[in-house]
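**Student:** Quick one, structure for this:
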Amino acid sequence: MTEEWRGWRAAARTALYGDEGFYRSPVRSPEGPAGHFRTSVHASPLFARAVARLLASTAAELGTGTVALVDVGAGRGELLTGVLAAAPEGLEVIPYGVEVAARPPGLDPRVRWCAEPPRGVRGLLFANEWLDNVPVEVAEVDGDGVARYVRVRTSDGAERLGAPVTGADAEWLERWWPLSAPGERAEIGRPRDAAWAGAVGSLEAGLAVAVDYAHVRGERPPFGTLTGFRSGREVRPVPDGSCDLTAHVALDACAAGAGPGAVELTDQRTALGRLGVFGERPALALAASDPAAYVRALAAAGEAAELTARGGLGDFGWLLHRVG
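**Tutor:** Below is the predicted model of the structure:
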């Protein structure tokens, strides 16, 4: 880490994925991402079971009993472990964990651990809270109405404005996140568009799904969303490798640039509802006839309610892209 002023994309890339970065260093983050923020995967096993149902339906659409599951941003393999446990009998799953960190100990030996999505596979590619960690440039409008790159100091996160935004970045802003008033900020999502297009393009056939904090054109936050997380708490974003750095994703822009195929943009509440996850309380009659079953159903309902809650996880964006 250095004291130089850098654009947010370069600073975040080093802070997250450098040799001593947040996602690579076992010293900085020995417990992995789960020790710093809670995703749907960590909230309830119902999420992995829903993904297992989605995997099975993808296999049925492909007309195969052997299907690939590619978990992009696999963390410590929590989602893969849950899906493999919930996969229906008779379905042969070829699991891939795509992650920059080293393979975690004790992971199911069937899982193939790799740094990039495998190419030419048929099945389900699932990216849960991956795109929000793809580093992007940050832009801010100065007092004269000019959008400029924001430069950041590694040591303490202090910021200052740099050169005007030009070229492809300026074109992206004009199309996807127009800025006008002084002080308005945006995260320029071109690297995420490219990352998602590459992930979708790795599939020969099947379904690619991105699940993330998201917004769409017309509803962009006026001052951006860049923030940090450490030990379960939101913190000031400082690109020194000590915290996660994340910003919400312009999923509509990602959807537009990922190539041919049927594309749908929806929210988690709707998507999980289709996969059988509802937050409805069990009937009280069950408490009298089978108290233990009632307690289990009540606990599951509470977990489902968290996964689908408005104002929480239920508002996450789901981008589904069918290939082939």
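**Student:** Of all the helices and strands in this protein, which has the lowest average confidence?
**Tutor:** Counting by mean pLDDT, DSSP states H and E, the weakest-scoring helix or strand in the chain turns out to be helix 285-289, with a mean of 68.
**Student:** In the stretch 201-324 of the chain, what residue spans correspond to strands?
**Tutor:** Assigned by DSSP state E, counting those that start in this stretch, the stretch 201-324 of the chain shows strands spanning 203-212, 214-215, 227-230, 233-235, 244-246, 249-250, 262-267, 317-323.
**Student:** what helices or strands is the longest one leaning on?
**Tutor:** Going back to what we said before, that points to strand 203-212. Other helices and strands packing on strand 203-212, by 3 or more Cβ pairs under 8 Å, 6 or more residues apart in numbering; DSSP states H and E, are helix 45-62, strand 121-128, helix 190-201, helix 251-256, strand 317-323. Where you see a C-beta, it was placed from the backbone N, CA and C, and this is true even at glycine.
**Student:** can I get the ones you listed in JSON lines with mean pLDDT?
**Tutor:** Formatted as JSON lines, the helices and strands packed on strand 203-212 follow (pLDDT from 0 to 100):
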{"stretch": "helix 45-62", "mean pLDDT": "96"}
{"stretch": "strand 121-128", "mean pLDDT": "98"}
{"stretch": "helix 190-201", "mean pLDDT": "97"}
{"stretch": "helix 251-256", "mean pLDDT": "96"}
{"stretch": "strand 317-323", "mean pLDDT": "97"}
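**Student:** which of those sits most buried?
**Tutor:** Stretch with highest mean neighbour count among these: strand 121-128 (a mean of 23; mean count of other Cβ atoms under 10 Å).
**Student:** so where's the stretch 51-200 of the chain uncertain?
**Tutor:** Counting by pLDDT under 70, not a single residue of the stretch 51-200 of the chain qualifies.
**Student:** Just the local confidence number for the nearest residue to A194 once chain neighbours are set aside, please.
**Tutor:** In space, not counting the residues next to it along the chain, A194 is nearest to G257; the distance is 7.7 Å by Cβ to Cβ, 6 or more residues apart in numbering. The predicted structure scores G257 at 87 on the pLDDT scale.
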